[in-house]
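**Q** sequence plus the predicted model coming up.
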Amino acid sequence: MKVHVTDLKPGDRLMEDTFNEYGLHVLQKGTELNEEEIRKLMQHGVNYADIDPAVHQPVIPMIHPLQHELLLKTKPLIEQAVDGFESMYLEALATGRFNENVVDDIMEPLVDQLKEHKDVVSLMLCFDQNDDYTYNHSMQVGILSYYIASWLGFSREEAYEAGRAGYLHDIGKCQIPGSLLNKPGKLTPEEFEIMKQHTTYGYEIIRSSTVDTIPALVALQHHERDDGSGYPHAIDKKEIHPFSRITAVADVFSAMSMNRVYQSKQELLTVMRELHSMSFGKLSANATQAFIRHMLPNFIGKHVILTTGETGTIVMTNPADFFRPLVNTGDRFIDLSSERDIGIDQIFL
């Protein structure tokens, strides 16, 4: 039975040797196909294959045991980072400063553990969305700032400093009225002017707490944009510290992918697409592209719920559209780059 390559399923067996359009032998007769071999046929441009179809077995979401063990080891350190930020936040609210030693007590063991993680998407998916947004968000931005700096080629020490600065970037929100931070609707122009002051407050709090000026600068500049459209000073990229530009990328990704009082979280690949568009003028192109380049391969193997209600597994990123991958539902392969009426509703481990 000859079928199109997108209709192949794991367990199908090739009835004939398979060649690409240039006559290169790709897979031999009798091969029982798995997802990797189906991807290989697609990558070689093979359109049809003669197969003996498998008896279909539904896709069962699973996480690799080693990945599961690593996430279990990291989770207590993540929870410690969230709790630690809360204690510093409340201390800064009461006194205008915090104990800087707490930052390293939290960040050093966490970064040591982060070095073991190669799949940062799984790490993002395991975060507890029920934690207070500001505390959880600060932890996420610290982690992502560390990774982005590492991917950009900064030294281990510099990447740690970037992560540390990212962790503290929103400390100034302790001086913003809770009625604004927790407002479910859109802020008025007057309220937004008050909200923007968290950058200046953060700078002042950090300068009062440590002699290290870089985290203070990152707190001040993380809403500045390369084209000069940001705040508080509307400076352009030449005046923005590299770590501030890194934190800006991490900040936008985390904010868009988390539940907030006025916004439901967005599906991660949709967020990645938005980041990509912002890399043309708003966010650092180098930092954003490094982030996307290192994150996209981690989506392969993740389980999804589609807008059709079907569940499946991402089996290949699509070179025609990185943010609309190939999904195997068990019944069929769906190329989201060509089936534009179908999207991903949720990604999970």
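**A** That came through, no problem.
**Q** so where's the stretch 1-150 of the chain uncertain?
**A** For the stretch 1-150 of the chain, the stretches flagged by pLDDT under 70 are 55-64, 128-131.
**Q** all helices in it, in order from the N-terminus.
**A** 35-43, 65-95, 100-114, 120-125, 133-151 (DSSP state H, counting those that start in this stretch).
**Q** for the ones you listed, give me JSON lines that also has mean neighbour count.
**A** (Glycine included, C-beta is placed from N, CA and C.) JSON lines is the format used below for the helices of the stretch 1-150 of the chain (neighbours: other C-beta atoms under 10 Å):
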{"stretch": "helix 35-43", "mean neighbour count": "17"}
{"stretch": "helix 65-95", "mean neighbour count": "16"}
{"stretch": "helix 100-114", "mean neighbour count": "17"}
{"stretch": "helix 120-125", "mean neighbour count": "20"}
{"stretch": "helix 133-151", "mean neighbour count": "25"}
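**Q** need these in TSV (columns: distance to His294).
**A** Converted to TSV, these look like this (distance: least, C-beta to C-beta, whole Å):
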stretch	distance to His294
helix 35-43	20
helix 65-95	17
helix 100-114	13
helix 120-125	7
helix 133-151	5
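**Q** neighbours of Thr31, how many?
**A** Other residues lying near Thr31 total 17 when counted by other C-beta atoms under 10 Å.
**Q** got the contact list for it?
**A** With contact taken as C-beta atoms under 8 Å, 6 or more residues apart in numbering, Thr31 is in contact with Arg13, Leu14, Glu37.
**Q** what do you get for Met278?
**A** Counting by C-beta under 8 Å, 6+ apart, Met278 makes contact with Val252, Thr288.
**Q** can you check Met124 too?
**A** Gln140, Ser257, Leu268.
**Q** report pLDDT for the second one.
**A** If I follow you right, that is Ser257. On pLDDT, Ser257 comes in at 90.
**Q** nearest residue to it other than its sequence neighbours?
**A** Nearest non-adjacent residue to Ser257, counting by C-beta to C-beta, 6 or more residues apart in numbering: Val271, 5.0 Å away.
**Q** same question, the last one
**A** Using C-beta to C-beta, 6+ apart and skipping residues adjacent in sequence, the residue nearest Leu268 is Ile347, 5.3 Å away.
**Q** the one you found: neighbour count?
**A** 19.
**Q** please, which helix or strand holds it?
**A** strand 344-348 (DSSP states H and E).
**Q** residues in contact with Pro53?
**A** Pro53 touches Met1, Val3, Lys9, Asp12, counting by C-beta under 8 Å, 6+ apart.
**Q** against Asp7, how distant is it?
**A** Using C-beta to C-beta, to the nearest Å, Pro53 is found at 9 Å from Asp7.
**Q** now do Thr329
**A** 11 Å.
**Q** more neighbours, the two?
**A** Comparing Thr329 with Asp7 by other C-beta under 10 Å, the one with more neighbours is Thr329, at 17 against 14.
**Q** quick check: closest non-adjacent residue to that one.
**A** Going by C-beta to C-beta, 6+ apart, Thr329 has Gly312 as its nearest residue, at 3.8 Å.
**Q** for that neighbour, give me its contacts.
**A** Val59, His303, Val304, Leu306, Val327, Asn328, Thr329, Gly330, Ile334.
**Q** tell me the secondary structure for it?
**A** Following DSSP: H, G, I helix; E, B strand; the rest coil, the label given to Gly312 is strand.
**Q** for it, report the pLDDT, please.
**A** We note a pLDDT of 94 for Gly312 in this prediction.
**Q** who does it bridge with?
**A** Bridge pairing for Gly312 (DSSP bridges) gives the partners Val304.
**Q** distance of it relative to Lys302?
**A** 10 Å.
**Q** of the contacts of Pro53, grab the buried ones for PyMOL.
**A** Only the buried members of the contacts of Pro53 enter the following PyMOL selection, criterion being 16 or more other C-beta atoms under 10 Å:
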select buried, resi 9+12
